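Asker: Pasting a predicted model and its sequence here:
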Amino acid sequence: MVTDAKEAGAKPKTLNEDKVALLIGSFLFLVALMNLAGLDLLGWIVKANTWLNPTQLFRSTSQAYGLNGFVSLIISWLVMGAILSVGMKMLGEDVVKFFKGFTLIYFIAYFCYALGNNAYVAVTPDKLKNYNIPWSMGLSGEAGYIVALVAGIIISNFFPKLVSFMKEACRPEMFVKIAIIIMGAELGVKAAEAMGLASSIIFRGLCAIVEAYLIYWALTYYISRKYFKFSREWSAPLASGISICGVSAAIATGAAIRARPVVPIMVSSLVVVFTCIEMLILPFVAQYFLYTEPMVAGGWMGLAVKSDGGAIASGAIVDALIRTKAIAVQGIEYQEGWIVMVTTTVKIFIDVFIGVWSFVLAYIWTKKFEKSSDGRTMTMGDVWQRFPRFVLGYIITFLILLLICLYVDGGKVMGKSMTGPINSMRVMFFLFTFFTIGLVSNFRKLWAEGIGKLAAVYAVCLFGFIIWIGLFISWLFFHGVYPPVVAG
């Protein structure tokens, strides 16, 4: 009873991970923005090299700082750890435990990323002569993401004490939201260079998610209720988690219909497991079958992979894999970032829609299924409460850089001066996302908790129609659209 009294008298939290991600991402963007005034405040950030000699593993983003690569690695750890620790303090978390866990996550993840950047793994066929090597897997540096993901899965399933030590810092959703906010600026610069293509991607992405969303959710909900006999309480979060945006959608839907906490937690666990499976398979399927339709592949990742982190990460892998194959098979070198821009655009519109859909479900549940409850009228405040804040950050950083590049004299040159540190930060937070997604994927534990029946629904819906409808809709809207080609 004492605990209940304390909880009853406690002040409601005004901050959550979504809002903290917005604050951190915005802060890092503002620091990067100082580059426009000639102040390079982020040149110390570590960047992985493609290497043959281990002494070449890392370097700083800007050579103006004159830092040794390993010194840059240490500085990046300390500064980013401090910034994220401030965020944890704002959330009321144990900062010491977070920093200890983050330290381990940081160094393991970067070691994995370095392995993926080995020349025999990463060098694309057109650059073999530059490294004087006869062959390479040609996966590009993004192979480091895959190494980090696999390492996280292995640790999660075989080294539980290690996972427990890193638990406080294991926050894949927050990491990817920060990455997306930062990436908005990078894509703003790219969009300015090819405005017509960017506008087309945004419009097509909006159309694609509306069509896919309405089909996915209705079918999943129907199958859960009709054939697996789940209650409404389970079916609605399950439909949202499978068909929309994974963890965020399942949690938002659970809150909207007032489901018990265990419901969105179990669904979210499934999302993570299946996201891992999709990330390890779909990018390579896309490379094999869709290298002649790169934007279709990018859209497919956004419509098929059901978490922000997993989708954007898959888009980044596909971007690298397809550009590599296009060079080898077609002799075409596409500009980096456009394929993942499609994935991001599709995923962002889905995230925006979460708030709207949560409002719709909350209204329906209040009016139809919970008539004996307090009966309060749903307002736009409820929509705002469920709206993913990091989406605002992505939109704002995108628009600021786009407008600077388009309407300020020399804006494109200034915008490009920011892309180095922006890209290094994006890579950093994507890397943390990959590794921690693996860390929360303890397959044996989830099975022991009786997740089998839920997994059956997920598997039937995902592999039965969601992947294929997503592919069809992506083909419908992005067929015949191609990224800009690198000049020369």
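Answerer: Alright, I've got the coordinates.

Asker: For Phe102, which non-adjacent residue is closest in space?
Answerer: Ala169 (4.0 Å; C-beta to C-beta, 6 or more residues apart in numbering). Just so you know, the C-beta spots here come from the backbone N, C-alpha and C atoms, and that holds for glycine as well.

Asker: so where's the stretch 101-250 of the chain uncertain?
Answerer: 124-126, 191, 193-213, 244-248 (pLDDT under 70).

Asker: so where do the helices sit in it?
Answerer: Secondary structure of the stretch 101-250 of the chain, counting by DSSP state H, counting those that start in this stretch: helices at 119-122, 128-131, 143-158, 160-166, 172-193, 195-226, 232-240, 247-256.

Asker: Tell me where the stretch 251-400 of the chain has helices.
Answerer: Per DSSP H, counting those that start in this stretch, the stretch 251-400 of the chain carries helices over the ranges 262-290, 294-304, 308-325, 338-364, 380-386, 389-407.

Asker: Just want the phi and psi numbers for Leu39.
Answerer: phi -100, psi 100 (degrees, to the nearest 10).

Asker: Distance of it relative to Gly188?
Answerer: 20 Å (C-beta to C-beta, to the nearest Å).

Asker: go on, Val86?
Answerer: Counting by C-beta to C-beta, the gap from Val86 to Gly188 is 26 Å.

Asker: Between those two, point out the one with more neighbours.
Answerer: Gly188 (26 against 15; other C-beta atoms under 10 Å).

Asker: excluding its backbone neighbours, what's nearest the more buried one?
Answerer: Using C-beta to C-beta, 6+ apart, the nearest residue to Gly188 is Leu401, at 3.1 Å.

Asker: Need the pLDDT of the one you found.
Answerer: On the pLDDT scale, Leu401 is placed at 89.

Asker: was I right about it contacting Ala192?
Answerer: Yes. With contacts counted by C-beta atoms under 8 Å, Leu401 reaches Ala192, the gap being 7.4 Å.

Asker: Now for those two: what residues contact both?
Answerer: Gly415 (C-beta atoms under 8 Å, 6 or more residues apart in numbering).

Asker: Tell me which of the two has more neighbours.
Answerer: Between Leu401 and Ala192, Leu401 has the larger neighbour count (other C-beta under 10 Å), namely 29 against 20.

Asker: Can you give me every residue that contacts the more buried one?
Answerer: 184-186, 188-189, 192, 415, 418.

Asker: Tell me the spacing between it and Leu238.
Answerer: Distance, Leu401 to Leu238, using C-beta to C-beta: 38 Å.

Asker: And Lys226, by the same measure?
Answerer: Counting by C-beta to C-beta, the gap from Lys226 to Leu238 is 13 Å.

Asker: So for those two, which residue has more residues nearby?
Answerer: Leu238 (29 against 10).

Asker: for that one, what are its contacts?
Answerer: Leu238 neighbours (C-beta under 8 Å, 6+ apart): 220-221, 224, 230, 250, 267, 454, 457-458.

Asker: List just the one of the helices of the stretch 251-400 of the chain that sits closest to Lys127.
Answerer: helix 308-325 (10.1 Å; C-beta to C-beta).

Asker: helices and strands around the closest one, which ones?
Answerer: helix 143-158, helix 172-193, helix 262-290, helix 294-304, helix 338-364, helix 411-439 (3 or more C-beta pairs under 8 Å, 6 or more residues apart in numbering; DSSP states H and E).

Asker: Could you tell me the least trusted of those?
Answerer: Among the helices and strands packed on helix 308-325, helix 338-364 scores lowest, with a mean of 75.

Asker: so that helix versus helix 308-325, what angle?
Answerer: Here the directions of helix 338-364 and helix 308-325 differ by 160 degrees (axes from the mean of the first three to the mean of the last three C-alpha atoms, to 10 degrees).

Asker: quick one: helix 338-364 to helix 411-439, angle?
Answerer: 60 degrees.

Asker: name the helices or strands packed onto helix 338-364?
Answerer: Using 3+ C-beta pairs under 8 Å, 6+ apart as the contact test, the elements touching helix 338-364 are helix 172-193, helix 195-226, helix 232-240, helix 247-256, helix 294-304, helix 308-325, helix 380-386, helix 389-407.

Asker: In TSV: the ones you listed, plus distance to Ile108.
Answerer: Shown next, in TSV, are those (distance: least, C-beta to C-beta, whole Å):
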stretch	distance to Ile108
helix 172-193	14
helix 195-226	34
helix 232-240	32
helix 247-256	23
helix 294-304	25
helix 308-325	17
helix 380-386	34
helix 389-407	25
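
Asker: out of the ones you listed, deepest packed?
Answerer: Ranked by mean neighbour count, the helices and strands packed on helix 338-364 are led by helix 294-304 with a mean of 29 (mean count of other C-beta atoms under 10 Å).

Asker: so how far is that helix from its chain's centroid?
Answerer: Mean-position distance between helix 294-304 and its chain equals 14 Å (C-alpha atoms, centre = their mean, to the nearest Å).

Asker: Stretch 36-44 too?
Answerer: Relative to the centre of its chain, stretch 36-44 is centred 26 Å away, using C-alpha atoms, centre = their mean.

Asker: Now for Val485: which residues touch it?
Answerer: So Val485 contacts 332-335 (C-beta under 8 Å, 6+ apart).

Asker: Where neighbours are concerned, which of those has the most?
Answerer: Most surrounded of the contacts of Val485: other C-beta under 10 Å gives Tyr334, at 21 neighbours.

Asker: So it sits against Val486, correct?
Answerer: Yes. Counting by C-beta under 8 Å, Val486 is a contact partner of Tyr334 at 7.1 Å.

Asker: what does stretch 68-77 rub up against?
Answerer: Against stretch 68-77 from outside (C-beta under 8 Å, 6+ apart): 44-47, 49, 56-61, 65, 67, 103, 106-107, 110, 428.

Asker: likewise stretch 47-59?
Answerer: 46, 60-61, 69-70, 72-73, 110, 113-114, 117-119, 122-123, 131, 133, 141, 144, 424, 427.

Asker: Of all the helices of the stretch 251-400 of the chain, which one is nearest Phe443?
Answerer: helix 262-290 (6.4 Å).

Asker: Tell me what angle that closest one forms with helix 143-158.
Answerer: Using the same axes, to 10 degrees: helix 262-290 against helix 143-158 is 140 degrees.

Asker: Please compute how far helix 262-290 lies from its chain's middle.
Answerer: Using C-alpha atoms, centre = their mean, the distance between the centre of helix 262-290 and that of its chain works out at 12 Å.

Asker: And for stretch 28-35?
Answerer: Distance of stretch 28-35 from the chain centroid (C-alpha atoms, centre = their mean) equals 21 Å.

Asker: and what of stretch 408-424?
Answerer: 23 Å.

Asker: which residues sit in contact with Lys368?
Answerer: Lys368 neighbours (C-beta under 8 Å, 6+ apart): none.

Asker: next one: Met301
Answerer: 282-283, 286, 311, 314-315, 318, 343.

Asker: ok, it to Val391 distance?
Answerer: 18 Å.

Asker: Do I have it right that Ile327 meets Glu336?
Answerer: No. The pair Ile327 / Glu336 is not scored as a contact, 11.8 Å apart, by C-beta under 8 Å.

Asker: what sits in contact with each of those two?
Answerer: By C-beta under 8 Å, 6+ apart, no residue touches both Ile327 and Glu336.

Asker: Run the chain-centre distance for stretch 278-296.
Answerer: 17 Å.
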